[in-house]
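Undergrad: Quick one: sequence and predicted model below, then my questions.
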Amino acid sequence: MTFSNVLKSEWLKLKHSKVVFIVLASPVLATIIGLFTTMHVPEQQWLGTITTMILAHSAIFLPLLMGIFSALICRHEHSGGGWKQVLTLPVSRLQIYFAKFIVILFLLTLTQIAFMIATWVAGTLRGFSDPFPFVNVFVSVGVGWLACLPLIALQLWLATMFKSFAGPSVVNVMLTFPTVVIANSPLFGPMYPWAHPLLGMTQAFSYSLGGDAGFLDSAVTFYVVMISSFAVFTVVGSAHFHRREWV
């Protein structure tokens, strides 16, 4: 069995999970928030709406979705001794693990693309006549994608560690809600994976406009921590999956 076959198999497992609705959840909710935001910046029609949408999307919805995607991709194996069946296939455990990782990345990509479209939809429905700041939103969405990598690696590790869909989901919800508070800490914010999407998207959007969102004292420190934590969570998570005894 080739790696592409493993990827196809992982994707097919999501066929009846209504994953499309989950992918669209955050963009749709962010659009509703953007339509009714009262934040207004003189001479910059789009800024208040997009900023509000980025805050809602990156601080709450995006971290929650990463946990849901990770738990969802392992749900099939958690039911009815599925792990034993999967691990009898002529494919290495690491291939299975990273196939799941890639599927989650694909779902994240769809979510970020949908969110980018949602920002344009919200502004258009509000009657904005200024040009849509495509480059600025694209930079924010791209950095947000990168900022989710450590959280995906950590959530996938947790999803394979627990023996049910509910376990990692509950942990993710509990650790998502303090995000805004912790993100405001110059010390703990960059070290908290659930805050990375918020820090990444807000700072990138602000920097692209020539400003500073004020969340980070050092962007370099943030990116070093983000890359390092992604590497650590990926190595530890895949090693745990490779060595675990499934009963």
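TA: Looks like it arrived, so ask away. Since the model is a prediction, treat every value here as computed from it, not as a measurement.
Undergrad: Tell me which residues of stretch 201-218 come out buried.
TA: Buried residues in stretch 201-218, counted by 16 or more other Cβ atoms under 10 Å: 201, 202, 203, 204, 205, 206, 207, 208, 209, 213, 215, 216. Every C-beta, even on glycine, is put in place using the N, C-alpha and C of the backbone.
Undergrad: Check which helices and strands the helix or strand containing residue 226 sits against.
TA: Using DSSP states H and E, residue 226 sits in helix 219-243. Applying 3 or more Cβ pairs under 8 Å, 6 or more residues apart in numbering; DSSP states H and E, we find helix 219-243 packed against helix 93-125, helix 149-161, helix 196-208.
Undergrad: the inter-axis angle of it versus helix 149-161?
TA: Orientation check (axes from the mean of the first three to the mean of the last three Cα atoms, to 10 degrees): helix 219-243 against helix 149-161 gives 20 degrees.
Undergrad: which outside residues touch helix 219-243?
TA: For helix 219-243, the surrounding residues in contact (Cβ atoms under 8 Å, 6 or more residues apart in numbering) are 93-94, 96-98, 101, 146-147, 149-150, 153-154, 156-157, 160-161, 190-191, 193, 196, 199-200, 203, 207, 216.
Undergrad: do that again at 7 Å, thanks
TA: By Cβ atoms under 7 Å, 6 or more residues apart in numbering, the surrounding residues in contact with helix 219-243 are 93-94, 97, 147, 149-150, 153-154, 156-157, 160-161, 190-191, 193, 196, 199, 203, 216.
Undergrad: how much space is there between residue 5 and residue 75?
TA: 20 Å (Cβ to Cβ, to the nearest Å).
Undergrad: Those two: who's more crowded?
TA: For residue 5 and residue 75, the more surrounded residue by other Cβ atoms under 10 Å is residue 75, and the numbers stand at 16 against 13.
Undergrad: Look up which helix or strand the more buried one falls in, please.
TA: If you go by DSSP H and E, residue 75 is part of helix 62-78.
Undergrad: May I see the buried residues of that helix?
TA: Buried residues in helix 62-78 (16+ other Cβ under 10 Å): 62-78.
Undergrad: Return the alpha-carbon coordinates of it using PDB.
TA: Extracted in PDB, the C-alpha atoms of helix 62-78 (Å, rounded to 0.1, in the frame of the first residue of the first chain):
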ATOM      1  CA  LEU A  62      -9.700  28.300  14.900                       C
ATOM      2  CA  PRO A  63      -8.100  26.600  18.000                       C
ATOM      3  CA  LEU A  64     -11.400  24.800  18.500                       C
ATOM      4  CA  LEU A  65     -11.500  23.600  14.900                       C
ATOM      5  CA  MET A  66      -7.900  22.200  15.200                       C
ATOM      6  CA  GLY A  67      -9.000  20.000  18.100                       C
ATOM      7  CA  ILE A  68     -12.200  18.900  16.300                       C
ATOM      8  CA  PHE A  69     -10.300  18.000  13.100                       C
ATOM      9  CA  SER A  70      -7.700  16.000  15.100                       C
ATOM     10  CA  ALA A  71     -10.300  14.100  17.100                       C
ATOM     11  CA  LEU A  72     -12.400  13.600  14.000                       C
ATOM     12  CA  ILE A  73      -9.600  12.000  12.000                       C
ATOM     13  CA  CYS A  74      -9.100   9.500  14.800                       C
ATOM     14  CA  ARG A  75     -12.700   8.800  15.600                       C
ATOM     15  CA  HIS A  76     -13.100   5.800  13.300                       C
ATOM     16  CA  GLU A  77     -10.100   4.000  14.900                       C
ATOM     17  CA  HIS A  78     -11.400   4.700  18.400                       C
END
